[in-house]
Each structure stands twice: as C-alpha cells, then as structure tokens.
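Student: Predicted model follows, preceded by the sequence.
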Amino acid sequence: MARIDVLLPVRNGLPYLGAAIASIRRQSVRDWRLLILDHGSTDGSREVAERHADADRRIEVHDGAYTSGLAELLNFGLARCDGRYVMRHDADDLCLPDRMAQTMAGFAQHPGMAVISGQAELIDASDARIGQLRLPIGSARLTAASLFRNPISHPALTMDRAQIGRLGAQYGRDFLGMLPDEQQPQVDGLAEDYLMFGQLALLGLCVNLGRPLIRYRWHAANVSSMRTREQVRLSLRISRYLARAFCRIHALPDFDPAPFCNHGGQLLDLPDGPDFDAQFHVIAGALRRGLGASSQLERELRYRHTLARRSLPCMLLRYAHFRRQYPAETGEWLTLRSWLLRRLPGRALLKAA
C-alpha cells in the first residue's frame, strides 16, 4: 500500500500524457501509486500508459471506458484507492518535482484539512510559461469564495482519504444532505470538482498553499476553453446550491449569489440590475454572521463589492480602491475587463483606465 494514490484520468490525451506521467515519476517523494483511468482512448494514450506501467511497477492502468462521465470515472478511481492520500493530476499538466513533498508538509501544517491544493504556473501547448494561477489562501476565504466561483485548483489538489470517506464525499453528488432531494444536484462533468470541493469548502476543510504545485497547461483543447458557456451555466446552478446549503448550515435566510458570481471570468447580465448594492449588503451580513469577522472574509467581500453596481465609473473606482489594499488574484480584473469590453464602443477608455 502506497502513502499517496494518484488519480490520472485520460481520454485521447496522447500529445501530453507521457510528459504528465514522467513528471509524477520524477517526484522527490517515492511512496506513491499511479492509477491511470483510461476513458476509452482511441489515439494510443492507453498504449503510452501501459509502456510506463511496464517500466514502473507503481503504475497501474484501469479501464474506465464504461463509465458515463468524468464524475463516474473519478468515483471509479476513488473506490480503488487505499492510500492515506489521494492526489489528482490531469493528463496534460506537469507536476513540479516537489509537489508531493510540499503537499505532505501542507497537511502537517494544517491538521484536520480534507483537501490541500495550491497555485500553478500557466504554460502553453509548447511548455512556454505564460503566467501564473493565483488563488485564495485560507479556509475562510475558500468558504466564502466557493459561493461565487471555484477557488480550488482541481488538478493541483490532494485529498485525505479518511476524511473524504467519513463524509461520504463523491464527485458530482450532494453529500451534505442539507436540501431536499429535488434540490440536490447531480453533475456528470464540466463542474463535478466544483460541486464536490465546494461542499468541502463550506465545511472549512480546504486550504490552498501559497506556492505553485503544478504547471497547468492552457491550450485550445482544454474542456474549459471549448465549453465555457455550458460550464458557466452549470457552475451558476452549483453556486446557488452551495449558497442554500450554507444558509441551512448556519440557520440564515436564503440569498442568491448570482449577481456576484464570476465563473469563467464572466459576470451575468441579470434582469433586476444594474444596481445590486442592496443584495450585496444582505450577502455580506449573512457571511459575517455565518463565518465570523476575519480579514480573509473582508478581502473576499471587498472584491464582490466592486461588482455590485454595474456602471463604468463606479466599477473602475471601486476596483482601484480594492487594488490599493489587496494584490490581484486570477480572474478578478478579467471579470471587470470582459464586462466592460462588452459595453464599450471602443477600447481607448478601457486602455486608459
């Protein structure tokens, strides 16, 4: 039995799969087992996986072709894990060499956490560095942020298997049981990670480390770039579910997080806009009552306040005040920029701002 089981799902990932596997084999921690979950590949990915398995007895290839979607495939993999920890990795990303070591140190530093994730370097299809994924740090931030977007990098996370098992957590399924059956979502793909780890974040069981753990590949074949609109709609459903569950947990009146969600760096055009200041104060009060006062929560609320009044001068002014106090995280300026670009006849004013 290895200390860390690694779940790597793949379906026709031939261009990058070999490098992804090699990055796991180069880890400074050696006590791991890699479970490659083949989802019916037809491009030679399975053969690449099997060659690595022949060369390294810690690698296993499992046939998951019969599973209906990514959520079921990952649950299929979870059921076959027996290590203390379960690490996720994608077939087109690269682990930094000390990813496992840094993650194990993170669990030691944050006892009781169910999930440790972290930051990521962004690379393109040819491995060139194109940026950095900057995500919130601190369990209170992740709890609040999870109501408005997915603040946890799924390809960079590792789970404590005992904690996951105790809660009955699975991909794509409600396991909190706070809402009636008809209000419990089931998600087969696109946002199965957001549903699972959003629930864990509501319980205060998730932390992001402050350093990069992986090199995250952004290219035209990313699911998140190919099916953005569908993913945003599904993520909004999950945000509303998480908000209702949060209110049940803390005995608070329901609120709708939709005006302040920025899934995929997009703001929704809602019929009851453009002024959401009143709704913001309702949500801010609920979060302060549910989570208690903290600098982590106030940072999240300050950013959401920039989205509350949809006018060009107000949004830019509020964002400028916000940035004087806090460093930017991934998606924050992109959200404002994309909304403004949809409304400006030209880009000169935005460039000047």
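Tutor: All right, it came through fine. Numbers count the residues shown, from 1 in each chain.

Student: count of neighbours near residue 115?
Tutor: 28 (other C-beta atoms under 10 Å). The way it works is simple: take the backbone N, C-alpha and C, and place the C-beta from them, glycine included.

Student: same thing with residue 186?
Tutor: 10.

Student: next one: the one 4 residues further on
Tutor: The local packing count at residue 190 equals 21, with neighbours defined by other C-beta under 10 Å.

Student: Roughly how far does it sit from residue 236?
Tutor: 12 Å (C-beta to C-beta, to the nearest Å).

Student: Would you map the strands across the stretch 51-200 of the chain?
Tutor: Counting by DSSP state E, counting those that start in this stretch, one finds strands in the stretch 51-200 of the chain at the ranges 59-63, 85-88, 94-95, 115-123, 129-133, 158-160.

Student: correct me, but residue 261 touches residue 237?
Tutor: No - at 10.6 Å, residue 261 and residue 237 do not qualify as touching, with contact defined as C-beta atoms under 8 Å.

Student: of the two, who's got more company?
Tutor: The neighbour count for residue 261 versus residue 237, taken as other C-beta under 10 Å, is higher for residue 261 (24 against 13).

Student: picking that back up, residue 341: which of the strands of the stretch 51-200 of the chain is closest?
Tutor: strand 129-133 (19.1 Å; C-beta to C-beta).

Student: what pairs with that closest one, and is each one parallel or antiparallel?
Tutor: Looking at strand 129-133 with DSSP bridges, its partner strands are strand 115-123 (antiparallel).

Student: Residue 289: which element?
Tutor: helix 277-291 (DSSP states H and E).

Student: That helix packs against which elements?
Tutor: Counting contacts by 3 or more C-beta pairs under 8 Å, 6 or more residues apart in numbering; DSSP states H and E, helix 277-291 packs against helix 139-145, helix 228-249, helix 295-306.

Student: Not counting its own residues, what contacts that helix?
Tutor: Applying C-beta atoms under 8 Å, 6 or more residues apart in numbering, the contact partners of helix 277-291 are 140, 143-144, 147, 246-247, 249-250, 252-253, 255-257, 259-260, 297, 300-301, 304-305, 308-309.

Student: Quick check: which ranges of the stretch 151-300 of the chain have low pLDDT?
Tutor: Within the stretch 151-300 of the chain, the segments meeting pLDDT under 70 span 220-226.

Student: 50 - rerun?
Tutor: Judged against pLDDT under 50, the stretch 151-300 of the chain has no low-scoring part.

Student: just to revisit the earlier point, in the helix holding residue 289, what counts as buried?
Tutor: Across helix 277-291, burial judged by 16 or more other C-beta atoms under 10 Å covers 279, 280, 283, 284, 286, 287, 290, 291.

Student: Could you check the strands of the stretch 51-200 of the chain and tell me which one is nearest residue 4?
Tutor: Using C-beta to C-beta, the strands of the stretch 51-200 of the chain put strand 85-88 closest to residue 4, at 4.8 Å.

Student: just checking, what packs against the strand ranked longest in the chain?
Tutor: The single longest strand within the chain, with elements called by DSSP state E, is strand 206-217. Strand 206-217 sits against strand 94-95, helix 99-109, strand 115-123, strand 129-133, helix 139-145, with contacts defined as 3+ C-beta pairs under 8 Å, 6+ apart.

Student: ok so, going back, orientation of the helix holding residue 289 relative to helix 228-249 in degrees?
Tutor: Computed by axes from the mean of the first three to the mean of the last three C-alpha atoms, to 10 degrees, the angle separating helix 277-291 from helix 228-249 equals 50 degrees.

Student: rewinding a little: please identify the most buried of the helices and strands packed on strand 206-217.
Tutor: helix 139-145 (a mean of 25; mean count of other C-beta atoms under 10 Å).

Student: Give me the residues contacting that helix.
Tutor: 110, 113, 136, 151-152, 201-202, 204-208, 246, 287, 291, 294, 296-297, 299-301.

Student: Quick one, which of the residues you listed are buried?
Tutor: Among the contacts of helix 139-145, the ones that count as buried by 16+ other C-beta under 10 Å are 110, 113, 136, 151-152, 201-202, 205-208, 246, 287, 291, 296-297, 299-301.

Student: and the buried residues of helix 277-291, which two are the farthest apart?
Tutor: Among the buried residues of helix 277-291, 279 and 291 lie farthest apart (C-beta to C-beta), at 18.2 Å.

Student: Residue 130 against residue 216, yeah?
Tutor: No - at 10.1 Å, residue 130 does not count as touching residue 216 under the criterion of C-beta under 8 Å.
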